[in-house]
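1. sequence first, predicted model second:
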Amino acid sequence: MQKMPARNYKPGPPSYGFDEASPMLRLARRIREEQGVEGLRAFLAAMTPFSAPNEIRHIGEDFGVSFESIETERRRGEERAIARNVPRQDAGGNRAQDQMNQLAMLVKLAGLMKNGGDMMNLINMLGKK
């Protein structure tokens, strides 16, 4: 076994690069610099479904943004999405129904194309919802 000179040896557990900032913290810093506190609050509110609540809380506190204001911004965003009638991500039943309707439409189109269907029928079918 090779000996290591004493001056190169660092006692304690090895550092595996965990001292670096998380990617979300780096993004938060950049957004804070470019867009200010309101932009940071909107970013953190948008990231709540994808990140741990404590990470959001700590990043917000580091920049002086309270977790309650982030939650309020997230709720406002959901309300705006509902007002615009945009389906939320967790609306799984509607998504499954839409996929089934699309599949049925594709089967009908394939049948019409195989039988040499009329172009006007194809266009009318595509226009229906």
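-> Arrived safely, thanks for sending.
2. what does stretch 64-71 contact?
-> Applying CB atoms under 8 Å, 6 or more residues apart in numbering, the contact partners of stretch 64-71 are Val37, Leu40, Arg41, Leu44, Ala45, Thr48, Pro53, Ile56, Arg57, Gly60, Glu61. (Each C-beta comes from the backbone N, C-alpha and C, glycine too.)
3. and with 10 Å instead?
-> 28, 32, 37-38, 40-48, 53-54, 56-61, 72-73 (CB atoms under 10 Å, 6 or more residues apart in numbering).
4. quick check: closest non-adjacent residue to Ile59.
-> In this structure, Ile59 finds its nearest non-sequential neighbour in Ala28, 5.1 Å apart by CB to CB, 6 or more residues apart in numbering.
5. weed out the non-buried ones from the contacts of stretch 64-71.
-> Those of the contacts of stretch 64-71 that meet the buried threshold are 28, 32, 40-45, 47-48, 56-57, 59-60, 73, by 16 or more other CB atoms under 10 Å.
6. tell me the two of those that are most distant?
-> The most widely separated members of these, counting by CB to CB, are Arg32 and Thr48 (17.2 Å).
7. now the residue nearest to Ile59: which helix or strand?
-> Using DSSP states H and E, the element containing Ala28 is helix 23-47.
8. just checking, what packs against that helix?
-> helix 53-62, helix 67-83 (3 or more CB pairs under 10 Å, 6 or more residues apart in numbering; DSSP states H and E).
9. skip ahead from the last one and say which helix or strand is next.
-> Along the chain past helix 67-83, the next helix or strand (assigned with DSSP H and E) turns out to be helix 92-114.
10. still on that earlier bit, now the helices and strands packed on helix 23-47 as JSON lines including distance to Asp98?
-> Formatted as JSON lines, those follow (distance: least, CB to CB, whole Å):
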{"stretch": "helix 53-62", "distance to Asp98": "31"}
{"stretch": "helix 67-83", "distance to Asp98": "17"}
